[in-house]
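Student: Quick one: sequence and predicted model below, then my questions.
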Amino acid sequence: MALEFTQSDWTLSRVSSDRIVQIGRGKLSDLNTYFRKHQDQLHPDAIYRAKTWGRLDPSVRQLEFVDSGLMPVVENELGQKVSQLLEVRF
């Protein structure tokens, strides 16, 4: 979601598939009223659930993020943790 402001207005938008969909728009003075009216849909927990458990169009695939410089560090950390667990266990 994105909340954009101008001098006197606001616009709330979200990305849907390959386009931006406007969810709400109004005067700055009405923004609090909008949030109160839609608090169930805009509550952080509701947004979290929508992002993690929401249904996705099967044709849309999120690309995985890979940081090749980070991988050796992660592998080293995991190796150390596994070694510690094995040493404690055996």
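Tutor: Looks like it arrived, so ask away.

Student: So for the host helix or strand of Glu87, what gets flagged as buried?
Tutor: Take DSSP states H and E as the rule and Glu87 turns out to sit in helix 71-89. Going by neighbour count (16 or more other Cβ atoms under 10 Å), nothing in helix 71-89 comes out as buried. To be clear about C-beta, it is placed using only N, CA and C from the backbone, and glycine gets the same treatment.

Student: Quick check: mean pLDDT of that helix?
Tutor: Helix 71-89 comes out with an average pLDDT of 84.

Student: Return the alpha-carbon coordinates of that helix using CSV.
Tutor: The C-alpha trace of helix 71-89 is given here as CSV (Å, rounded to 0.1, in the frame of the first residue of the first chain):
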residue,chain,number,x,y,z
MET,A,71,25.2,-16.5,1.4
PRO,A,72,28.7,-17.3,2.6
VAL,A,73,28.0,-15.5,5.9
VAL,A,74,24.7,-17.3,6.4
GLU,A,75,26.3,-20.7,5.6
ASN,A,76,29.1,-20.0,8.0
GLU,A,77,26.7,-19.0,10.8
LEU,A,78,24.6,-22.1,10.2
GLY,A,79,27.7,-24.3,10.1
GLN,A,80,28.7,-22.9,13.5
LYS,A,81,25.3,-23.5,15.0
VAL,A,82,25.1,-27.0,13.7
SER,A,83,28.6,-27.7,15.1
GLN,A,84,27.6,-26.3,18.5
LEU,A,85,24.4,-28.4,18.6
LEU,A,86,26.3,-31.6,17.7
GLU,A,87,29.0,-30.9,20.2
VAL,A,88,26.5,-30.4,23.0
ARG,A,89,24.5,-33.5,22.0
